[in-house]
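**Student:** Sequence and predicted structure below; questions after.
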Amino acid sequence: MLISVAVPVPGLDLLTYAVPEGTATPSIGARVVVPLGSRVVTGIVVEIDVGGPTHDEPGTANGERRVTVVKPIRQVLDAGAFVPPDVVALARWTAEYYAAGVGDTIPALLPPMARGGRADAHKTTRMAAITPAGIEALAAPHTITPKQREALELLAGTPTGLATPALAARGIAADAISRLARHGYLSLRHHRLDRDPFSGPPGRDPTTRSRSDLGVGPETDANQTRTTRQLTLEQAGALDRLTALARARAFRVALLHGVTGSGKTEIYIRLSDEIRSSNRRVLMLVPEIALTPAAAALFRQAFGDRVAVQHSGLSDGERHDQWQRIRRGDIDIVVGTRSAVFAPLEHVGLIVVDEEHDGSYKQEESPRYNGRDVAIVRARQAGALVVLGSATPSMESYHNAITGKYERIVLERRVLDRPLASVSVVDMREAYAAEGPNVILSRTLREGLQARLDRNEQSLVLLNRRGFATAVFCRQCAGTVDCPNCSVSLVVHGEGSARRACCHYCNYSARVPAVCPLCAGPYLEVAGFGTERVEAEVRKTCPDARVARLDRDAIRKRGALSSLLSRFRDGAIDILVGTQMIAKGHDFPRVTLVGVVSADVGLGLADFRASERTFQLLTQVAGRAGRGDQLGEAIIQTLYPDHYSIQLACRQDFPAFYERELQFRRAMRYPPLISLVNAVVRSRTFAGAMDDASDIVDKVRHADAGLRILGPAPAPLGKLRGEYRAQLLIKGMNRKKIREALQSALGARPELQRRVVVDIDPLSVL
Ligand code: ADP
Ligand code: ZN
């Protein structure tokens, strides 16, 4: 008897193994220990009784079959399915659709395999995981030392990564690991060891929205609010329709298009109650780890401890425990980020994808799946209802709703008839004319901030760009100080002696040079500004204000994010400056002003979604103002006040934006009107990347003359982490045909496999 097994090795497809005589046939979803080269790995049974002693060797061309002696499995670890068979099927679908190896999906399927270190609760450890470059290095003979090879091989067998102490225990020292990380062969992340994701000092919890106000515990508070709170008419209407869809027990997708503050969460909770009362279960997806505690707390208030969380920010111990509870059937509601779409939950009746437009649902490494789309496929398999919630739906989802593919449910008003924030635009060209070219905060915004301060209200200031200055340039030769590894200029962080020039793509960092590296002239200046500079300007403008900054740099320390958010919620911060992180999902009732510095940051990017993203960001951030009793205001600074994404965001006119943007997508042939696939070829030289890309273009054309291909062209980020990148965009009406043509082209160049990144339905084409 032959079976197909998915093994946790990046890029690898299903492998065939034999079940020895006398061993009971394992179930689909069971874990099996199998030999792989000189190693032994744990895989998952995907198919049984696959027949025939031939199979595709990994990496060989389509159709080329070889007779192989099939190795026997070593051991069956589970009597039944460890991973539910429908989740195995979902993983298989994901791998196929996104042109990835089934092995790539395994990390999302299994709870972390790493053990050890689970007892010491409040320690941090570092997890090392192999990168695609590391896998490539393993394949190339002379790039690494034997010790490094040993480390990489170890890591290649554990896609979830290994804790550095575990590596040390096998004789791989910390400096060897750092060296590998510097080469980009492995990635390191900090990783917490506390077990219960719901535990933590109660007062500091940013998630219990009204608890501190009422001075009672979450459970009692919840039951009170839950039973006494009247749904608005709109909420009740939406809930009625969704309940009817849920009761039909058939696959259906509903787009819940509700303005910011329209009370969508309340609808999710009541709908979940309905699902539970019919003995079915709920998957609740949110785009970011930072949003899971708030959502989980609300569901816990409503449903007690039959709520679990699943996301990559949990420690192995937590993740493992939560996973097991879900698998045992002790859980009715799973709240998590995109990978939770693979949670081992049975009898799923509802999947909610909140903020469905959010780019964080897309995984930017293989398999490059969109959690929202995989959720829809999962619901289709399960005959479940999907609710996609957003104030700014993606073009794709709105298109599907307009064309009748999805049910469309609209919430046009905020709860309690709170008005939407009024939005005004400041034309920065006028501000420069009036106050000089160095002004960062316009007079309108400065006065707005001061007025809020005087009234004891809070403000948010958004700039979607980190750092102090965006470039260092030379006044003599006009050159900029660029990253040695990437085709971008370095961003200045910090002030005074702490000042450094950093790359946001590869993490290269260096002291800011005293003289120009190109012409040796002493006339270096910094240009542009990021959140750090805005923070400094805000402090200057409002010296009495308590100012803080929230961006990726500010929250590197563990616990910094939740502490910042709860300080802001408790009123210990008056003005919070930050990147798009402050625009997302949070509900801060005392915020009455949102200022946007440089609303057009994203518009300059060579990406067809630039306008959509700008519109979404502005609408979302304006939606953070006026969620309490006081009226909200948004002040948007821009150099392009006439751009439609900015104008329509100010009017908060989503349908008009959709129509306008659709014209552009239609004229330029972009999604949602066609399907798009992005392929990027990486190479050590520019010519190499371009040559290989043009070879692929020829082969794709040959395979399917009906496709439109843009490129080969240098990718907008022409060099990244030391490698040159060439790009081709393939457009067609049928995604399957594109994928097949591309796969047949790549099949003819198997040695290219590791250097080509294929992105189906890309969110970004940079
Ligand atoms: P959305 O997700 O649509 O932006 P939320 O679900 O965050 O909106 O709701 C906004 C605020 O309104 C929250 O503080 C929520 O508790 C409150 N809320 C929701 N529904 C009601 C209601 N029917 N009556 C009063 N307050 C409500
Ligand atoms: Zn770089």
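**Tutor:** Arrived safely. Ligands and ions are numbered 1, 2, ... in the order given.
**Student:** Could you pick out the residues of the stretch 451-600 of the chain near ligand 1 for me?
**Tutor:** Counting by C-beta under 6 Å from any ligand atom, the positions of the stretch 451-600 of the chain adjacent to ligand 1 are D587. For the C-beta atoms, the positions are set from N, CA and C on the backbone; glycine is no exception.
**Student:** where exactly do the helices run in the stretch 451-600 of the chain?
**Tutor:** Assigned by DSSP state H, counting those that start in this stretch, the helices in the stretch 451-600 of the chain fall at 531-541, 560-569.
**Student:** who's in contact with the residue of the stretch 351-500 of the chain found nearest ligand 1?
**Tutor:** Of all residues in the stretch 351-500 of the chain, V415 sits closest to ligand 1, at 4.0 Å by C-beta to the nearest ligand atom. By C-beta atoms under 8 Å, 6 or more residues apart in numbering, the contact set of V415 is T232, Q235, G261, S262, G263, E266.
**Student:** What about these, which are in helices?
**Tutor:** Q235, E266 (DSSP state H).
**Student:** do you know how far L291 is from P344?
**Tutor:** 22 Å (C-beta to C-beta, to the nearest Å).
**Student:** quick one: which of those two has more around it?
**Tutor:** Neighbour totals were compared for L291 and P344, and P344 leads with 24 against 21 (other C-beta atoms under 10 Å).
**Student:** Leaving out chain neighbours, which residue sits closest to that one?
**Tutor:** The shortest distance from P344 to any non-neighbouring residue, by C-beta to C-beta, 6 or more residues apart in numbering, is to R327 (4.3 Å).
**Student:** on contacts alone, who are the packing partners of whatever helix or strand that neighbour lives in?
**Tutor:** Following DSSP states H and E, one finds R327 within helix 316-328. With contacts taken as 3 or more C-beta pairs under 8 Å, 6 or more residues apart in numbering; DSSP states H and E, helix 316-328 sits against strand 307-310.
**Student:** Quickly list what the nearest residue to T480 once chain neighbours are set aside is bridged to.
**Tutor:** Distance criterion C-beta to C-beta, 6+ apart; nearest residue to T480, sequence neighbours excluded, is S489 at 4.2 Å. S489 forms beta bridges with D482, as assigned by DSSP bridges.
**Student:** that older thread, burial of the residue nearest to P344, as a residue count?
**Tutor:** Residues near R327, counting by other C-beta under 10 Å, number 19.
**Student:** Quick check: it touching F342?
**Tutor:** No - the pair R327 / F342 is not scored as a contact, 11.9 Å apart, by C-beta atoms under 8 Å.
**Student:** from the helices of the stretch 451-600 of the chain, which stretch is densest packed?
**Tutor:** Highest mean neighbour count among the helices of the stretch 451-600 of the chain (mean count of other C-beta atoms under 10 Å): helix 531-541, with a mean of 21.
**Student:** Run through the helices of the stretch 201-350 of the chain in chain order.
**Tutor:** 211-214, 218-228, 233-247, 264-277, 292-303, 316-328.
**Student:** Give me the angle between the fourth one and helix 292-303.
**Tutor:** By that I understand helix 264-277. Between helix 264-277 and helix 292-303, the angle comes out at 50 degrees (axes from the mean of the first three to the mean of the last three C-alpha atoms, to 10 degrees).
**Student:** Could you give me the buried positions within helix 264-277?
**Tutor:** Neighbour-count burial for helix 264-277, counted by 16 or more other C-beta atoms under 10 Å, picks out K264, T265, E266, I267, Y268, I269, R270, L271, S272, E274, I275, R276.
**Student:** Low-confidence stretches in the stretch 151-300 of the chain?
**Tutor:** By pLDDT under 70, the weakly predicted segments of the stretch 151-300 of the chain are 157-160, 169, 190-228.
**Student:** Would you mind listing what in it touches ligand 1?
**Tutor:** By C-beta under 6 Å from any ligand atom, the residues of the stretch 151-300 of the chain that approach ligand 1 are 229-232, 235, 258, 260-266.
**Student:** Any chance of a ChimeraX selection covering the buried ones in those residues?
**Tutor:** To isolate the buried subset of those in ChimeraX, counting by 16+ other C-beta under 10 Å, use the following:
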select :231,232,235,258,260,261,262,263,264,265,266
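**Student:** between the residues of the stretch 151-300 of the chain next to ligand 1, which is nearest ligand 2?
**Tutor:** T260 (35.6 Å; C-beta to the ion).
**Student:** give me the number of residues near C483?
**Tutor:** 24.
**Student:** scratch that, D305 is what I was asking about
**Tutor:** 10.
**Student:** Now do it against F299, distance only.
**Tutor:** For D305, the distance to F299 - C-beta to C-beta - is 11 Å.
**Student:** Could you list the single helix or strand in this structure with the lowest mean pLDDT?
**Tutor:** For the chain, using mean pLDDT, DSSP states H and E, the weakest element among its helices and strands is helix 211-214, scoring a mean of 29.
**Student:** Got the phi and psi for the residue in the stretch 601-750 of the chain that ligand 1 sits nearest to?
**Tutor:** Per C-beta to the nearest ligand atom, R627 is where the stretch 601-750 of the chain lies closest to ligand 1, at 6.1 Å. Note on R627: its backbone torsions stand at phi -90, psi -10 [degrees, to the nearest 10].
**Student:** Quick check: it touching D587?
**Tutor:** Yes - between R627 and D587 there is a contact under C-beta under 8 Å: 5.9 Å.
**Student:** Between these two, tell me which one has more neighbours.
**Tutor:** The neighbour comparison of R627 against D587 (other C-beta under 10 Å) goes to R627, with 21 against 15.
**Student:** ok, the nearest residue to D692 once chain neighbours are set aside - how many residues close by?
**Tutor:** Of all residues beyond its chain neighbours, the one nearest D692 is V681 (4.8 Å), with distances taken as C-beta to C-beta, 6+ apart. Other residues within reach of V681, judged by other C-beta under 10 Å, total 26.
**Student:** For V681, grab phi and psi.
**Tutor:** phi -100, psi 130.
**Student:** One more: A667?
**Tutor:** Torsion angles, degrees, to the nearest 10, at A667: phi -60, psi -40.
**Student:** do the same with G732
**Tutor:** Per degrees, to the nearest 10, the backbone of G732 is at phi -170, psi 170.
**Student:** My guess is it contacts I738. True?
**Tutor:** Yes - look at G732 against I738 with C-beta under 8 Å: they come within range, at 4.7 Å.
**Student:** shared neighbours, the two?
**Tutor:** Both G732 and I738 are in contact with S675, D704, L707, where contact means C-beta under 8 Å, 6+ apart.
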